[in-house]
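Asker: sequence isn't available, so here's the structure alone:
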């Protein structure tokens, strides 16, 4: 069983069938399965954030940015210190 999520409909006239899902815990293909259960087809999925990390530092599609120390602390045990240690091990 998965945790509840919030689903909002984007009222944009240009995208009449756009939905926004806010998940606390995402499972494999969860959004596709929820939509299929309601008779909806998923055409495209776009992830805008993970674990509090957003795409705000990436200005355009295809752009990327290095994670900050604070972001590394969120997703990695030991955070930035562990990441720099792994990088040093790979360089040896």
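Answerer: That came through fine. Bear in mind the structure is a predicted one, so any value in this text is a computation, not a measurement.

Asker: show me the strands in this structure, by range?
Answerer: Shown for the chain, the strands assigned by DSSP state E span residues 5-9, 19-23, 49-50, 53-54.

Asker: and the first one, how far out from the chain's middle?
Answerer: Spelled out, that is strand 5-9. Relative to the centre of its chain, strand 5-9 is centred 15 Å away, using C-alpha atoms, centre = their mean, to the nearest Å.

Asker: could you list the low-pLDDT ranges of this structure?
Answerer: In the predicted model, the chain carries pLDDT under 70 at residues 1, 15-16, 79-92.

Asker: rerun at 50
Answerer: Counting by pLDDT under 50, the chain has no low-confidence residues at all.

Asker: before we move on, the earlier item: need the strands of the chain in JSON lines (columns: distance to residue 65 and mean neighbour count).
Answerer: All C-beta atoms are positioned from the backbone trio N, CA, C, and that covers glycine. Compiled in JSON lines, the strands of the chain are given as follows (distance: least, C-beta to C-beta, whole Å; neighbours: other C-beta atoms under 10 Å):
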{"stretch": "strand 5-9", "distance to residue 65": "27", "mean neighbour count": "12"}
{"stretch": "strand 19-23", "distance to residue 65": "23", "mean neighbour count": "13"}
{"stretch": "strand 49-50", "distance to residue 65": "13", "mean neighbour count": "11"}
{"stretch": "strand 53-54", "distance to residue 65": "10", "mean neighbour count": "13"}
